[in-house]
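>>> Quick one, structure for this:
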Amino acid sequence: MTTPILHVDNVRKTYGRGQNRFEALKGVSFDIREGESVAIVGKSGSGKSTLMHVLALLDAPDSGQILLEGTDTAVLRGSKLNNTRNKTFGFVFQQFFLTGNNSVLENVILPLKIAGIRRGERKRRGIAALEQLDLADKAKNKAVNLSGGQKQRAVIARALVNNPRIIFADEPTGNLDSNTGAVVEDILFTLNREHGITLIVVTHDEDLAARCDRRIVIKDGQIIDDSAKQVAA
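Numbers count the residues shown, from 1 in each chain. The predicted model follows:
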């Protein structure tokens, strides 16, 4: 069997000390295969966002192990950690985190700038990503002038610009109306199906979770259910 793209073994994460000590993750274990779409589901305070942060190497677990394609992520430090995160992952958050007075293109190519890609190549790849999201005509517009749906598509373009292996989407439709949200969902699942990008969605939206291949339910820092979608025969 092929090595999972992410292997999580007995991961624990605690915040605070003494009376304020809070166990956000209490020994979670699972694998994610390349090309899967996985929903991490739970109520506010369940630990789902903490889990996403440690999977995406935005935070380190206190104990346990996270392997990225067989490599222990604990050995990644400094620029090596930043490079791995920048090249392997794309991020789509509920908050858009766009710089309003910069152009859409400037926002989209930020990961390439961080990676030290030359200006001409940055522009070429940025425009290509915007074309995938039907936003190339907005490349020179200021990000502040986009609609909510256009902003989220720009965020997806930014997530795609480095050809990531995994996209992490944290409540990706939370700030959108239902119609616009459905369009954004379709884009994410098309990228998953047609380009083989592993999709990890953190959500409390059961309808969104139901579209994923698999649903991991977390409660009080522990996984209480991990089930694949039943496919009709």
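
>>> Tell me, how many residues neighbour Cys212?
23 (other CB atoms under 10 Å). Heads up, the C-betas are built off the backbone N, CA and C, glycines and all.

>>> Going forward, the N-terminal residue is numbered 18.
Understood, numbering begins at 18; the last thing we discussed is Cys229.

>>> Verify the contact between it and Lys246 for me.
Yes: with contact defined as CB atoms under 8 Å, Cys229 counts as touching Lys246 (7.0 Å).

>>> Mind naming the longest helix for the protein?
Assignment by DSSP state H gives helix 195-212 as the longest helix of the chain.

>>> residues of that one that come out buried?
197-198, 201-202, 204-206, 208-209 (16 or more other CB atoms under 10 Å).

>>> Quick check: what element follows it along the chain?
For helix 195-212, the following helix or strand on the C-terminal side (DSSP states H and E) is strand 215-220.

>>> Tell me, how many residues neighbour the residue nearest to Glu53 when sequence neighbours are not counted?
Nearest residue to Glu53 in three dimensions, chain neighbours excluded: Asp230, at 5.3 Å (CB to CB, 6 or more residues apart in numbering). Close neighbours of Asp230, defined as other CB under 10 Å, add up to 17.

>>> same question, the one 5 residues further on
Using other CB under 10 Å, the number of residues around Ile235 comes to 25.

>>> The one 10 residues further on too?
When neighbours are counted by other CB under 10 Å, Ala245 registers 11.

>>> list the contacts for it?
Ala245 makes contact with 230-231 under the criterion CB atoms under 8 Å, 6 or more residues apart in numbering.

>>> same thing with Gly191?
By CB under 8 Å, 6+ apart, the neighbours of Gly191 are 111, 222.

>>> same thing but 10 Å
Taking CB atoms under 10 Å, 6 or more residues apart in numbering as the criterion, Gly191 is in contact with 110-112, 169, 198, 220-222, 225.

>>> quick one: the longest helix of the chain to chain centroid distance?
Relative to its chain's centre, helix 195-212 lies at 14 Å (CA atoms, centre = their mean, to the nearest Å).

>>> For it, the averaged confidence score.
This predicted structure assigns helix 195-212 an average pLDDT of 90.

>>> Which other helices and strands does that helix contact?
Packing partners of helix 195-212 (3 or more CB pairs under 10 Å, 6 or more residues apart in numbering; DSSP states H and E): strand 54-58, strand 106-110, helix 136-149, helix 165-177, strand 183-187, strand 215-220, helix 223-227.

>>> Give the partner strands of the first one in its sheet and their orientations.
Looking at strand 54-58 with DSSP bridges, its paired strands and their directions are strand 215-220 (parallel), strand 231-236 (parallel).

>>> Identify whichever of those strands lies nearest to Ile184.
strand 215-220 (5.4 Å; CB to CB).

>>> now the closest one: mean pLDDT?
95.

>>> Show me what counts as buried in it.
215-220.

>>> Dump it to PDB, restricted to CA.
Output of strand 215-220 as PDB, limited to C-alpha atoms (Å, rounded to 0.1, in the frame of the first residue of the first chain):
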ATOM      1  CA  THR A 215      -6.000  16.300  -1.500                       C
ATOM      2  CA  LEU A 216      -8.700  18.400   0.000                       C
ATOM      3  CA  ILE A 217      -9.100  18.800   3.800                       C
ATOM      4  CA  VAL A 218     -12.100  20.800   4.800                       C
ATOM      5  CA  VAL A 219     -12.800  22.000   8.400                       C
ATOM      6  CA  THR A 220     -16.400  22.700   8.800                       C
END
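
>>> show me where pLDDT drops low in the protein?
For the chain, applying pLDDT under 70 flags the ranges 18, 247-250.

>>> doesn't Asn209 make contact with the residue nearest to Glu53?
Yes: Asp230 is in contact with Asn209 according to CB atoms under 10 Å; the separation is 8.6 Å.
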